[in-house]
Structures are given as structure tokens and as C-alpha cells.
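Enquirer: Kindly return the folded structure for what I paste below:
(one chain, ligands or ions: 1)
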Amino acid sequence: MSPSPSLIVALDFDNATAARDMVNRLAPGRCRLKVGKELFVRAGPSLVREWVDDGWDVFLDLKFHDIPNTVAAACRAAADLDVWMINVHALGGPAMLAAAREAVDEAPRRQPLLTAVTVLTSHDEATLQAIGLQGTPVEAVSRLAALAASAGLDGVVCSAQEASAVREQGGPSFRRVTPGVRPAGMAVDDQRRIQTPASAIAAGATDLVVGRPITRSADPAGAVEMILDEMQVTTGG
Ligand SMILES: O=c1ccn([C@@H]2O[C@H](COP(=O)(O)O)[C@@H](O)[C@H]2O)c(=O)[nH]1
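Expert: Next comes the predicted model:
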């Protein structure tokens, strides 16, 4: 069975105060939080721990990509924060993915979901050619999703444009975490493979990641509700 759809707010801020202000404007239970490289480097594990202790599900989006031993150690450190989800790059290959899986399985308390980034949503076919990846984005994502599924990961990060192909690869319970979501008429920014919230859900995305359309809104909680409404139109939830 597919997981219930969820909305994850990307907290791309350069300081803890601004990030806390944003979280204080969001309604607990309506969305999850994502902490990425910028905020983590600026504000560190203590901020993540604070939100986890407050009851938030936190996706620690650090996209580990290194030799297996280093990634396993990083995954252990991330799991120690009792977060809901962590991720690595599928391009790290089978041994790295297996090492990450083993590290998370040995987590002493909460085992986070472990997902793998396939092809960044800022990439289009021309970018793939430039970096030497063969085929279309959906072909590359499918190959990498198959690697992640064989290593026993819990899902992948992809664009919603590939969500149905990933569901075929990994089965319904294999999560399709999709950034690059833009409500109709919003700025695309640096994203290239985008979908609206409704079309992302219709395509089989399980967890929608949305940053700037929420965090740059004058009414972030209202923006969350509008996106959730759009998601429910398709799920009937
Ligand atoms: O392929 C990927 C993987 C991660 N991201 C992250 O998601 C958010 C998207 O933010 P927006 O402001 O909604 O564009 C951001 O934190 C990225 O680091 C991604 O966009 N694509």
C-alpha cells in the first residue's frame, strides 16, 4: 500500500531565528519539516533536535555521497538525531547504498526512513548529457530507483514526472519523495522538472517537498492549506 500523502516544507534559511519564526507560523500535524545543507551548516544538530523534541517529523536532507565507510558513519550520526527521514545519493552506487542501509538498521532508537536522490529536479535532459548520464531523466531515474530498491532503501527522491515509473520499479510502499512542486502560476525558480501539487499526487508522488512557494509567501500557513487542498482533490482524502 502507498503511504498517505504528506507535505514537507523545505526550510532553506541562513539562520536559526528565521527558520524558527517560519516553523512557529506552521501548524503541527499539517506538514513535515525539511532541513537541508544551508540551515544545517549554519544552525547545526541542536536546531534539528529542538524540532524533533517538539514533535515534528524532520527530513534531514543532507544527500550523503562518499565512500561507503564515510556514508555509513554519516547515516549513523544523522539517525542519532531521531529524525523521520535521511537521504543519500543513489549515484554513490550499490556498496554505498548497502552500507547506508546497514547503518540505519543498526540505529539504537528511531530508525529513520532512508531514501536515495536519483536525478536532481533542477536537471533536464541537457544537464544529464553534460554530466555523462545516458538517456532521458525518466530512464536515469528508473535505473537509480532500481539500485535503491535492490539495496533495500525505503524510497527515492525524484521529480513527480517520474513518480509512476518509480512506483513500477519499487512497488506501492516504496516512497516517491518529490521536490520541484509548484502550484500553477508560481515562479519555477531553478527547478526544471516540475509538477503542480494535484498532478504530483495523481502521478503517484507520496511526499511533496515545497520550499519557496511556502516560505516566501506572506501567509505560509495559508499556502500550506492551499497545497493540501489541492493534494486532497486528487486523493479524495
Ligand atoms: O532533486 C532535488 C532534491 C532536493 N531538492 C530540495 O528540495 C527543496 C525544494 O525547494 P523549492 O524552494 O520548493 O524549490 C530544496 O531544499 C532543495 O534542496 C530539490 O529541489 N530537488
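
Enquirer: Near the ligand, which residues of this protein are found?
Expert: 10, 12, 36, 117, 120-121, 157, 179-180, 189, 191, 209-212 (CB under 6 Å from any ligand atom). (C-beta placed from N, C-alpha, C; glycine too.)

Enquirer: ok, how many other residues are close to Gly44?
Expert: Using other CB atoms under 10 Å, Gly44 has 12 other residues around it.

Enquirer: Residue numbering should commence at 731 henceforth.
Expert: In the new count, where the first residue is 731, that last one comes out as Gly774.

Enquirer: Can you tell me the closest non-neighbouring residue to Leu844?
Expert: Val834 (4.8 Å; CB to CB, 6 or more residues apart in numbering).

Enquirer: what helix or strand is the one you found on?
Expert: helix 824-835 (DSSP states H and E).

Enquirer: which strands and helices sit next to that helix?
Expert: The contact analysis (3 or more CB pairs under 8 Å, 6 or more residues apart in numbering; DSSP states H and E) places helix 824-835 against helix 798-809, strand 815-819, strand 843-847, helix 867-880.

Enquirer: Hmm, Leu737 is touching Leu938, no?
Expert: Yes. Between Leu737 and Leu938 a contact is recorded at 5.3 Å, counting by CB atoms under 8 Å.

Enquirer: Among those two, which residue is more densely surrounded?
Expert: Neighbour totals were compared for Leu737 and Leu938, and Leu938 leads with 26 against 19 (other CB under 10 Å).

Enquirer: Tell me where this protein is predicted with low confidence.
Expert: The chain contains residues with pLDDT under 70 at 963-967.

Enquirer: For the ligand, give me its nearest residue in it.
Expert: Gly941 (2.6 Å; CB to the nearest ligand atom).

Enquirer: Report how many residues lie close to the nearest residue to that residue once chain neighbours are set aside.
Expert: Residue nearest to Gly941 in three dimensions, not counting chain neighbours: Ala740, with 3.2 Å by CB to CB, 6+ apart. Other residues within reach of Ala740, judged by other CB under 10 Å, total 20.
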